[in-house]
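Undergrad: Okay, sequence plus prediction incoming.
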Amino acid sequence: MITEHPHDSHGPDKGLMRWVVTTNHKDIGTLYLWFSFLMFLTGGVMALIIRSELFQPGLQLVQPESFNQMTTMHGLIMVFGAVMPAFVGLANWLIPMMVGAPDMAMPRMNNFSFWILPFAFGLLLSSLFMEGGAPNFGWTFYAPLSTDFGPPSTTFFIFGVHMMGISSIMGSINIIVTILNLRAPGMTLMKMPLFVWTWLITAYLLIAVMPVLAGVVTMMLMDIHFNTAFFSAGGGGDPVLFQHIFWFFGHPEVYIMILPAFGVVSAIIPTFARKRLFGYESMVYATSSIAFLSFIVWAHHMFTVGIPIAGELYFMYATMLIAVPTGVKVFNWVATMWQGSMTFETPMLFAIAFVVLFTIGGLSGLMLSIVPADFQYHDTYFVVAHFHYVLVPGSVFSVMAAVYYWLPKWTGNMYDEALGKTHFWLSFIGINITFFPQHFSGLAGMPRRIPDYALQFADFNMISSCGAFLFGFSQLLFLFIIIKTIRGGEKATEQVWEGAHGLEWTLPSPAPYHTFATPPSDLNDAHG
């Protein structure tokens, strides 16, 4: 049973302490979202340093060592500090409201799981100022490069990763217990909004793979400090073992960053198409299939390490198989839009961009799954283009869509539609100018993670860097829009999106009888 907590009230006497000790799911969701945005800007600055260096051939700004530190920190901060906390923030805000729960199941643990994060990333960022500098071995921290040749700050990095993992596991337990135990009467699992479903599956993924990450960084710690040789061939260990363990975590991690995005888009597209989501049950089963398959495809990151041909064939076919449930999802989104009464407000623009650009990222992933082709693409900018198409127009755009979509519900104020659309178009154009040319650079043979490159790649890199600055600086407009909405503006009415009757985001918390997953047969009856 959940009782009222003393810190749930929002009285004026709370001040700063309200945010420190809060157990209110909305406050904690807000903290996660602001923290994630801060990390997004921090990682973005590092990306712009990388792109500034690559603007033209030769070494301009930074030395190779600093460049490697920037690539490592950019990847770690964006994955663990920006994308994952953003989705946990959305989960905190929305899941209790969507399932009709008064709060998360374990509010105090919820508070604790957030407050671990600033210290974990403070530790990670402080390594920039340590002797030997920040980790410089890439965000995948392959051993023995990281264990034998990494800077002294590697130990602090390992501790930071452990803290992030603890936070993720606690958050996931909270989400699972909330969904399974606190649903409103009558809300069966197959009546839950898809966002809740995607997060339920994501939380199980997190609980399954975070201990694997903890295990591999602990083995690194042992190799560094206690003279073991898990990953050192000189001591009888195997460097490839690291890659197997890391990618057994790393591939489900990719889906942890995209499944909640599927849930967000499945909420937004039906609203602005003014139709029920096409194939709700197939979406649930597709999400579950993707989660299962994500555990059995890890070695497609390792086609070039010399695994047996039978292993290569298996991982190639298993990887191609993931395209099937993903294709089902894309088909269902398009079918939902088909012959709908579509309008193109900012959240819908981001959602449509998500579907189109994520599909491009998926198709380039299908190319990478083909073993002989991957021998050519591996460790080139083609791979960089592929995963950025999945993660930026995928994960990041879906978070932006979610913020625009639910901001009127969160703040009571309507955002500025003209500014929102401006932000969308700047982001959309910037992202494509940044990452589309990288496909060509990669196919022409430009390796990733290098601060200098041959003259033949100069033009594409210049275009890419211009796009990165356009995308990066347009996020300051996003920050301005959010603050402007929080501070005031046109009041959000009960029916913000004209004609979108009875859809879950306009509902108070806890949810009444009509939920998004089961709208009334005639949407106009929802006024009743």
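TA: Thanks, I have the structure now.
Undergrad: So what's the residue count around Phe157?
TA: Phe157 has 24 neighbours, counted by other C-beta atoms under 10 Å. Any C-beta I mention is one placed from the backbone N, CA and C, and that applies to glycine too.
Undergrad: and what of Ala418?
TA: Close neighbours of Ala418, defined as other C-beta under 10 Å, add up to 9.
Undergrad: In three-state terms, how would it be classified?
TA: When states are read from DSSP: H, G, I helix; E, B strand; the rest coil, the local structure at Ala418 comes out as helix.
Undergrad: how close does it get to Pro347?
TA: For Ala418, the distance to Pro347 under the criterion C-beta to C-beta, to the nearest Å works out to 15 Å.
Undergrad: before we move on, what about Val177?
TA: Counting by C-beta to C-beta, the separation of Val177 from Pro347 is 30 Å.
Undergrad: out of those two, which sits in the busier spot?
TA: Per other C-beta under 10 Å, whichever of Val177 and Pro347 has more neighbours is Pro347, with 29 against 15.
Undergrad: Report the contact partners of the closest residue to that one other than its chain neighbours.
TA: The shortest distance from Pro347 to any residue that is not its chain neighbour, by C-beta to C-beta, 6 or more residues apart in numbering, is 3.9 Å, and that residue is Tyr405. Contact partners of Tyr405, counting by C-beta atoms under 8 Å, 6 or more residues apart in numbering, are Val264, Ala267, Ile268, Thr271, Pro347, Trp505.
Undergrad: Among those, which one lies nearest to Ile429?
TA: Looking at those and their distance to Ile429, the nearest is Pro347, at 18.4 Å (C-beta to C-beta).
Undergrad: Am I right that the residue nearest to Pro347 is in a helix?
TA: Yes - with the criterion set as three-state DSSP, the secondary structure at Tyr405 is a helix.
Undergrad: distance of it from Met222?
TA: From Tyr405 to Met222 the distance is 46 Å (C-beta to C-beta).
Undergrad: what does Val324 give?
TA: Computed as C-beta to C-beta, the Val324 to Met222 distance reads 40 Å.
Undergrad: more crowded one of these two?
TA: When neighbours are counted by other C-beta under 10 Å, Val324 and Met222 differ, and Met222 comes out ahead with 15 against 12.
Undergrad: Chain neighbours aside, what residue packs nearest to the more buried one?
TA: With sequence-adjacent residues excluded and distances taken as C-beta to C-beta, 6+ apart, Met222 is closest to Thr228, at 4.2 Å.
Undergrad: Glu490: neighbouring residues, count only.
TA: Neighbourhood size, Glu490 [other C-beta under 10 Å]: 13.
Undergrad: got it, and Gln339?
TA: Residues within reach of Gln339, counting by other C-beta under 10 Å, total 9.
Undergrad: That one looks like it's in a helix, true?
TA: No - inclusion of Gln339 in a helix is not indicated when three-state DSSP is applied; the result is coil.
Undergrad: Now do it against Arg274, distance only.
TA: With C-beta to C-beta as the criterion, Gln339 and Arg274 are 11 Å apart.
Undergrad: and what of Gly171?
TA: Taking C-beta to C-beta as the measure, Gly171 and Arg274 are separated by 34 Å.
Undergrad: the more surrounded of the two?
TA: A side-by-side neighbour count of Gly171 and Arg274, using other C-beta under 10 Å, places Gly171 first with 29 against 17.
Undergrad: And that one, how far from Leu125?
TA: In this view, Gly171 and Leu125 are 21 Å apart by C-beta to C-beta.
Undergrad: for Phe40, same thing?
TA: Computed as C-beta to C-beta, the Phe40 to Leu125 distance reads 14 Å.
Undergrad: Kindly report the same for Ala492.
TA: According to C-beta to C-beta, Ala492 stands 36 Å off from Leu125.
Undergrad: hang on, the earlier thing: show the model's pLDDT score for the residue nearest to Met222.
TA: Each residue has a pLDDT score; the one for Thr228 is 96.
Undergrad: And Glu498, by the same measure?
TA: Value listed for Glu498 in the pLDDT field: 46.
Undergrad: can you check Ile429 too?
TA: Ile429 carries a pLDDT score of 98 in this model.
Undergrad: From the chain's centroid, how far away is stretch 311-321?
TA: For stretch 311-321, the distance between its averaged C-alpha position and the chain's averaged C-alpha position is 25 Å (C-alpha atoms, centre = their mean, to the nearest Å).
Undergrad: Quick check: buried residues in that stretch?
TA: When neighbours are counted by 16 or more other C-beta atoms under 10 Å, the buried residues of stretch 311-321 are found to be Glu312, Tyr314, Phe315, Met316, Ala318, Thr319.
Undergrad: got the contact list for it?
TA: Taking contacts as C-beta under 8 Å, 6+ apart, the residues outside stretch 311-321 that touch it are 293, 296-300, 303, 307, 365-366, 369-371.
Undergrad: again, only this time at 10 Å
TA: Contacts to stretch 311-321, defined as C-beta atoms under 10 Å, 6 or more residues apart in numbering, come from residues 251, 289, 293, 295-304, 306-308, 365-366, 368-375.
Undergrad: now those: which count as buried?
TA: Burial by neighbour count, 16+ other C-beta under 10 Å: within the contacts of stretch 311-321 this picks out 251, 289, 293, 297-303, 307, 365-366, 368-371, 374.
Undergrad: tell me which element Val355 falls in.
TA: For Val355, the element it lies in under DSSP states H and E is helix 346-368.
Undergrad: what residues does the following helix or strand past that helix touch?
TA: Where DSSP H and E defines the elements, the next helix or strand beyond helix 346-368 is helix 371-377. Around helix 371-377, the neighbours that count as contacts under C-beta under 10 Å, 6+ apart are 300-304, 307, 309, 311-313, 315-316, 319, 364, 366-368, 370, 382-383, 385-386, 439, 442-443, 445.
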